[in-house]
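Participant: For reference, the sequence and a predicted model appear below.
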Amino acid sequence: EPEVTQTPSHQVTQMGQEVILRCVPISNHLYFYWYRQILGQKVEFLVSFYNNEISEKSEIFDDQFSVERPDGSNFTLKIRSTKLEDSAMYFCASRRGGQYQETQYFGPGTRLLVL
Amino acid sequence: GNSVTQMEGPVTLSEEAFLTINCTYTATGYPSLFWYVQYPGEGLQLLLKATKADDKGSNKGFEATYRKETTSFHLEKGSVQVSDSAVYFCALTYANDYKLSFGAGTTVTVRA
């Protein structure tokens, strides 16, 4: 069964450094998402992406964040200058799109720790 | 705005006990409703879903019915196993943007 994959599984970085989190969505999916889950808190929507552009972003997704689909398979989330409060589990998800195709499939997550 | 409220955890049960996790939502229109499960050390997996009123989603012995009149989508399982120990998230989405709004999650621990 196809699945969403994410790399790395864990990332430790120093405050102020740039990080890139990578995701490979399911191959015939057209809609892509990033969510994050700060330890002990709710899973929060960050951004949605379709047709090579951002469809919607939350207030969390400020100028320090960017997303990109650099080729036909990868979907990346970049944090330009990490802050301590960016420490969280980051989940990528993809959705096929089309009628009745509302289900999002999630990757296993990347646990980011900012020191 | 849209929101999802879940029963507070943690919930601890013995094997073969009945599990119910309450979920209610606040939303306009007709969202689709989901239960996702997160096993220890893993990501989110879709457990079941319902897309319209009175639909019942079911999977792995779990069930939930979309109740528009009470804006609820309670999760139930008649006889839990140790392997059901996980965090359960109720969520909703709309057809216009499909972003998921999650509840806070309920941690369930099943003891042998």
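Facilitator: Good, I have the coordinates.

Participant: how about stretch A:22-32 against chain B, any contact?
Facilitator: Yes: in this structure, stretch A:22-32 sits against chain B according to Cβ under 8 Å from any Cβ of the partner chain; the contacting residues are residue A:31. The C-beta positions use only the backbone N, C-alpha and C, and glycine is treated the same way.

Participant: gap between the two ends of that stretch?
Facilitator: With Cα to Cα, to the nearest Å applied, stretch A:22-32 spans 12 Å between its terminal residues.

Participant: which residues sit against it?
Facilitator: Outside of stretch A:22-32, the residues that reach it under the criterion Cβ atoms under 8 Å, 6 or more residues apart in numbering or on different chains are A:2-8, A:34, A:48-51, A:55, A:67, A:69, A:73-77, A:92-97, A:104-105, A:107, B:98.

Participant: What ranges does chain B have for its strands?
Facilitator: B:3-6, B:11-14, B:19-21, B:23-26, B:32-38, B:44-50, B:56-59, B:62-65, B:75-77, B:86-93, B:101-102, B:106-111 (DSSP state E).

Participant: Can you flag the buried ones in the contacts of stretch A:22-32?
Facilitator: By neighbour count, with 16 or more other Cβ atoms under 10 Å in any protein chain shown, the contacts of stretch A:22-32 hold A:4, A:6, A:34, A:48-50, A:67, A:69, A:75, A:77, A:92-96, A:104-105, A:107, B:98 as buried.

Participant: how far away is the nearest residue to residue B:23 once chain neighbours are set aside from chain A?
Facilitator: Nearest non-adjacent residue to residue B:23, counting by Cβ to Cβ, 6 or more residues apart in numbering or on different chains: residue B:90, 3.5 Å away. Residue B:90 sits 11 Å away from chain A when distances are taken as Cβ to the nearest Cβ, to the nearest Å.

Participant: what does residue B:106 give?
Facilitator: Taken as Cβ to the nearest Cβ, the span from residue B:106 to chain A is 12 Å.

Participant: Quick one: neighbours of that residue, just the number.
Facilitator: Applying other Cβ atoms under 10 Å in any protein chain shown, we find 21 other residues in the vicinity of residue B:106.

Participant: before we move on, the earlier item: mind putting the strands of chain B into a markdown table with mean pLDDT?
Facilitator: Compiled in a markdown table, these are given as follows (pLDDT from 0 to 100):
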| stretch | mean pLDDT |
| --- | --- |
| strand B:3-6 | 92 |
| strand B:11-14 | 96 |
| strand B:19-21 | 97 |
| strand B:23-26 | 94 |
| strand B:32-38 | 94 |
| strand B:44-50 | 94 |
| strand B:56-59 | 97 |
| strand B:62-65 | 98 |
| strand B:75-77 | 98 |
| strand B:86-93 | 94 |
| strand B:101-102 | 93 |
| strand B:106-111 | 96 |
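
Participant: returning to what we had before: inside helices: which ones of the buried ones among the contacts of stretch A:22-32?
Facilitator: Secondary structure assignment (DSSP state H) places none of the buried ones among the contacts of stretch A:22-32 within helices.
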